[in-house]
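S.K.: here is a sequence together with a model predicted from it:
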Amino acid sequence: MKKTINTFLNKKGKEKICMLTAYDYSMAKLIDKSDIDGILVGDSLGMVCLGYENTLSVTVEDMIHHGSAVVRGAKDAMVIIDMPFMSYEISVEKALVNAGRIIKETGATALKLEGGLEIIPQVEALVKAKIPVMGHLGLTPQSINMFGGFKVQGKDAQSAESILESALALEKAGAFALVLECIPAKLAELITSKLSIPTIGIGAGKECDGQILVWQDLVNLFNDFTPKFVKNYANVSDIMTRAFETYIKEVREGVFPEVKHTFSIKDELLEKLY
């Protein structure tokens, strides 16, 4: 059964929401079989798929390209797509144009925007335009140059208060859910208790209403670095490496392909070619 924003809202305080990222058709289709609630096409694709140092180089076209593939693979999970850096910050009008493109050209259900009080006008405008919005506070990767790197946020009174204030404002602006990334667990718990919309944690403790991880982190496929909040549930990297090495060995030794992997032709037909 297709998940919607109501699925998320109805699970608040009742059942944990489960999310993963995906960036292509095959993985979206595989994840969708697991009864996941939502799939995020994150701008993290810039790092795990395109090899960028951060998410800042990701474009609207990138998000449409990958997002449409994920939508084609996800039949039941709700698909949410990140609005990339500088696609919504410039103005409300620019945000509406880019958001409309992403939704219309991908078929996704919702969009995720990073930021707090400074993007409230954009969130209100998107919601008014009937585009569901998921917020994102704490460590917002598009702001790493301002943060001085990938660092935990909300550890002092001023920043903690700012995150709480922004969370309440995003809810009031019409956001249907909120990602809390890399903030102290007790702060995430407090925010979760004050909101009527669900919180999705990533490095924010288990008291959030749900959790999200990058799927490559989950299975140790992307290991350029491993954040503290990541748990490896499988070591797919090793399995794939062994498979590649075995394939290369069999090709070089003439073991692969075997007869069962080939196609036949009648000898009399082949003789006419000589």
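M.R.: That came through fine.

S.K.: can you give me the strands for this structure?
M.R.: Listed in chain order, the strands of the chain (DSSP state E) span 17-21, 38-41, 78-82, 110-114, 133-138, 177-181, 199-202, 210-213.

S.K.: report the distance from the second one to the chain centre.
M.R.: When distances are taken as C-alpha atoms, centre = their mean, to the nearest Å, strand 38-41 is centred 5 Å away from the chain's centroid.

S.K.: okay, now the sheet partners of it, with direction.
M.R.: strand 17-21 (parallel), strand 78-82 (parallel) (DSSP bridges).

S.K.: now do the helices in the stretch 151-274 of the chain.
M.R.: Under the criterion DSSP state H, counting those that start in this stretch, the stretch 151-274 of the chain contains helices at 157-173, 185-194, 215-218, 236-253, 267-271.

S.K.: just the mean pLDDT for stretch 181-189, thanks.
M.R.: Mean pLDDT, stretch 181-189: 98.

S.K.: buried ones in it?
M.R.: Within stretch 181-189, the residues that count as buried by 16 or more other C-beta atoms under 10 Å are 181-184, 187-189. All C-beta atoms are positioned from the backbone trio N, CA, C, and that covers glycine.

S.K.: now, which of those sits nearest residue 259?
M.R.: residue 181 (53.2 Å; C-beta to C-beta).

S.K.: does that closest one touch residue 200 like I think?
M.R.: No. Using C-beta atoms under 8 Å as the test, residue 181 is too far from residue 200 to be in contact (9.1 Å).

S.K.: before we move on, back to that, and the strands paired with strand 38-41, which is most packed in?
M.R.: strand 78-82 (a mean of 27; mean count of other C-beta atoms under 10 Å).

S.K.: let me know the angle separating it from strand 133-138.
M.R.: On the basis of axes from the mean of the first three to the mean of the last three C-alpha atoms, to 10 degrees, strand 78-82 is oriented at 60 degrees to strand 133-138.

S.K.: before we move on, the earlier item: including distance to residue 145, could the buried residues of stretch 181-189 go into TSV?
M.R.: Below are the buried residues of stretch 181-189 laid out as TSV (distance: C-beta to C-beta, whole Å):
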residue	distance to residue 145
181	16
182	16
183	19
184	23
187	23
188	24
189	29
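
S.K.: who touches the spatially closest residue to residue 165 that is not a sequence neighbour in this structure?
M.R.: Computed as C-beta to C-beta, 6 or more residues apart in numbering, the closest residue to residue 165 that is not its neighbour in sequence is residue 117, at 6.9 Å. Contacts for residue 117 (C-beta atoms under 8 Å, 6 or more residues apart in numbering) come out as 165-166, 169.

S.K.: what's the closest of those residues to residue 271?
M.R.: Residue 271 lies nearest to residue 166 out of those, by C-beta to C-beta, at 77.9 Å.

S.K.: number of residues surrounding that closest one?
M.R.: Residues lying near residue 166 (other C-beta atoms under 10 Å) number 21.

S.K.: from residue 1, how far off is it?
M.R.: Separation of residue 166 from residue 1 (C-beta to C-beta, to the nearest Å): 33 Å.

S.K.: same check on residue 26?
M.R.: For residue 26, the distance to residue 1 equals 22 Å [C-beta to C-beta].

S.K.: and if you look at residue 184?
M.R.: According to C-beta to C-beta, residue 184 stands 36 Å off from residue 1.

S.K.: equivalent analysis for residue 232, please.
M.R.: Between residue 232 and residue 1 the computed distance is 30 Å (C-beta to C-beta).

S.K.: just residue 172 next, same as before
M.R.: Residue 172 sits 30 Å away from residue 1, taking C-beta to C-beta as the criterion.
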